[in-house]
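Engineer: Test case, fold it:
(one chain, ligands or ions: 1)
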Amino acid sequence: MARQLGNARLEVIVADITTLRVDAIVNAANSSLLGGGGVDGAIHRAAGSELLAECRTLQGCATGGAKIIRGYRLPARRVIHAVGPVWHGGGRGEDGLLASCYRRALELCQTNGLVSLAFPAISTGVYRFPTDRAAGISVRTVAEGLSHAPIVSQVIFCCFSDASARLHEQALAGLGGPCVD
Ligand code: ADP
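Structural biologist: Down below sits the predicted model:
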């Protein structure tokens, strides 16, 4: 499913994000930026050990923040490491921290001249963020953030299950705007 929002096409797919040929894929990293399980592990494996070597130079990243590096052996040119919050029940600023990841990733696209990017469902794996709530935050934050990142013309919500894709499609439908093929 895809929707046009101003200059940008927003789409929901089910795929392994490491296979996508876009300007940047976002990693759901932890604050060490030195690798982990889930999508993080998959990205490190697919990109090769040079990615880890560059990660070691970054000295970690705060929760809600994002840092950009090269894509090495990935089809994607760049990897944006975003550090989502661990879900503790919602009273520790989790919503705002998750939104910040999506905003910061878009800002990095704007400053680095990147037009296409793909997000995984940050924090919805081992960090246990409720999946429906996270889908709504991701789609709304990207829709709002695009006005500050006009260079971005394609945003892919790269889900890893049909259930996750349905939640993102519902959130996308809630935005309005024309549906496109
Ligand atoms: P977090 O620690 O932020 O929760 P996870 O990697 O555990 O990160 O999970 C984040 C999301 O990424 C989950 O929805 C998970 O199903 C999904 N995921 C795991 N592997 C991949 C992959 N190769 N491509 C896209 N999404 C993935």
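Engineer: Show the residue spans covered by the strands in the chain.
Structural biologist: 2-5, 8-14, 24-29, 66-70, 78-83, 116-119, 154-159, 179-180 (DSSP state E).
Engineer: Pull up the pairing partners for the lowest-mean-pLDDT helix or strand in the chain, direction included.
Structural biologist: Within the chain, no helix or strand scores below strand 179-180, which has a mean of 84 by mean pLDDT, DSSP states H and E. Paired neighbours of strand 179-180 in the sheet (DSSP bridges): strand 2-5 (antiparallel).
Engineer: per-residue confidence averaged over the partner strand?
Structural biologist: Mean pLDDT, strand 2-5: 92.
Engineer: and it, which residues are buried?
Structural biologist: The neighbour-count check on strand 2-5 (16 or more other Cβ atoms under 10 Å) flags Ala2, Arg3, Leu5 as buried. No exception for glycine: its C-beta is placed from N, CA and C like everyone else's.
Engineer: what sits against the first one?
Structural biologist: Contacts of Ala2 were listed using Cβ atoms under 8 Å, 6 or more residues apart in numbering, and they are Arg9, Leu10, Glu11, Val12, Cys179, Val180, Asp181.
Engineer: Counting neighbours, which of the residues you listed end up buried?
Structural biologist: Buried, going by 16+ other Cβ under 10 Å: Arg9, Leu10, Glu11, Val12, out of those.
Engineer: Of those residues, just say which sits nearest to Ser161.
Structural biologist: Val12 (11.7 Å; Cβ to Cβ).
Engineer: how about that closest one, what does it touch?
Structural biologist: Counting by Cβ under 8 Å, 6+ apart, Val12 has contacts Met1, Ala2, Ile156, Phe157, Cys159, Ala165, His168, Glu169, Leu172.
Engineer: Would you point out the most distant pair within the residues you listed?
Structural biologist: Ala2 and Cys159 (13.6 Å).
Engineer: Could you save the buried ones among the contacts of Ala2 as CSV and add columns showing pLDDT and distance to the ligand?
Structural biologist: Below are those laid out as CSV (pLDDT from 0 to 100; distance: Cβ to the nearest ligand atom, whole Å):
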residue, pLDDT, distance to the ligand
Arg9, 96, 19
Leu10, 97, 17
Glu11, 97, 14
Val12, 97, 12
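Engineer: Which two among these are spaced furthest apart?
Structural biologist: Arg9 and Val12 (11.3 Å).
Engineer: just the helices in this structure please.
Structural biologist: 38-47, 49-56, 94-112, 131-145, 162-173 (DSSP state H).
Engineer: among these, which is nearest Gly84?
Structural biologist: Going by Cβ to Cβ, the one of the helices of the chain nearest Gly84 is helix 94-112, 5.3 Å.
Engineer: Thanks again, I'm all set now.
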